[in-house]
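# How does the following fold in three dimensions:
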Amino acid sequence: MMDEATDISNKEQATIVIRSLNNFDVNEEFIGLFEVPSIDSKTLATVLKDSLCRMNIPMERIRGQCYDGASTMRGARGGVAKIIMDEEPRALFTHCYGHSINLAMNDAIKCSKPVCKALETTHEITKLIKYSPRRDGIFRELKRTHDQNSGFQSPGMRLLCPTRWTVGANSLKIVIDNYEALMDTWDEALLVVHDSKMKARKLAVLSLKCRVSILLLVQSLVNLFYVIQIT
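Numbering: from 1, shown residues only. Next up is the predicted model:
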């Protein structure tokens, strides 16, 4: 299994995981993260084959490949899967089930305007906090005060990924757990903001976040995403 992503330092990283079968016991081992100069199929296939070579795993023993649906990975003419199968035809390609769930959830959510609005509001909340050191500092200070008063240590804010639904439950739950601190953050942040566009964004989020329907939808999505994570 292989996937690529850009890390926080804006460098391309390739992740490799090997799944093996031993007496009907399935084992998955994380091999590592590898910085790659490019994410074209030839480069990724070279990194993958080099990793297998370093672990003394011959290509003849590979029986499957699991990637996302990007053309770089699954392309029928020049994707990584095709390059590997040219050397070992028994290494059949399987579209990653986790990625398939993400695609299915994406299509399903687009059919519901209230759910889309709840996710867009939550995404906007996380961006307004994490993309501003000033607002992030205000939030952390208010969160510390609320945690001390309640005796409950709520988790810190994290960005909501709009496409990775299977890891979205924690981000959504954080917004609910920090509801009071977030409301106080908007009140304090509005006092110091001077940009009219930014003030409009904050007021829009504040008005939506006060709606009970939005909160109920976010809580429902938390429960739904937790079920997806388990399955």
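# pretty sure Val26 is in a strand, no?
Yes - using DSSP: H, G, I helix; E, B strand; the rest coil, the secondary structure at Val26 is a strand.
# Show the pLDDT at Pro162.
For Pro162, the model assigns a pLDDT of 61.
# Next: the one 10 residues further on.
According to the model's per-residue confidence, Leu172 sits at a pLDDT of 79.
# That one and Gly79: what is the separation?
Separation of Leu172 from Gly79 (Cβ to Cβ, to the nearest Å): 34 Å. C-betas here are computed from N, CA, C, even on glycine.
# Pick out whichever of the two has more residues nearby.
Applying other Cβ atoms under 10 Å to Leu172 and Gly79 shows that Leu172 carries more neighbours, namely 25 against 21.
# dump the residue contacts of that one.
Thr122, Leu160, Val218, Leu221, Val222, Phe225 (Cβ atoms under 8 Å, 6 or more residues apart in numbering).
# my guess is the fourth one contacts Leu119, does it?
Yes - contact status for Leu221 versus Leu119: in contact at 7.1 Å, counting by Cβ atoms under 8 Å.
# any shared contact partners between those two?
Counting by Cβ under 8 Å, 6+ apart, nothing touches both Leu221 and Leu119.
# Tell me which helix or strand Phe139 sits in.
helix 133-150 (DSSP states H and E).
# Make sure Leu119 is indeed in a helix.
Yes - Leu119 sits within a helix when classified using three-state DSSP.
# Can you get me a residue count around it?
20.
# Would you mind measuring from it to Glu88?
41 Å.
# wait, doesn't Ile18 sit right on Glu28?
Yes - with contacts counted by Cβ under 8 Å, Ile18 reaches Glu28, the gap being 7.3 Å.
# quick one, which of the two is more surrounded?
Between Ile18 and Glu28, counted using other Cβ under 10 Å, Ile18 has the larger neighbour count: 16 against 9.
# The more buried one: what secondary structure?
strand.
# excluding its backbone neighbours, what's nearest Ala76?
Nearest residue to Ala76 in three dimensions, chain neighbours excluded: Lys82, at 6.3 Å (Cβ to Cβ, 6 or more residues apart in numbering).
# Next SSE downstream of the helix or strand that contains the one you found?
Under DSSP H and E, the secondary-structure element containing Lys82 is helix 80-87. Sequence-wise, the next helix or strand downstream of helix 80-87 (DSSP H and E) is strand 92-95.
# Run through the neighbouring helices and strands of that following strand.
Counting contacts by 3 or more Cβ pairs under 8 Å, 6 or more residues apart in numbering; DSSP states H and E, strand 92-95 packs against strand 64-67, helix 80-87.
# Okay, buried residues for the helix or strand just after that strand please.
Using DSSP H and E, the helix or strand that follows strand 92-95 in sequence is helix 97-110. Using 16 or more other Cβ atoms under 10 Å as the test for burial, helix 97-110 gives Gly98, His99, Asn102, Met105, Ile109.
# next one: helix 97-110 to chain centre, how far?
Offset of helix 97-110 from its chain centre (Cα atoms, centre = their mean, to the nearest Å): 13 Å.
# try stretch 80-91
Using Cα atoms, centre = their mean, the offset of stretch 80-91 from its chain centre is 29 Å.
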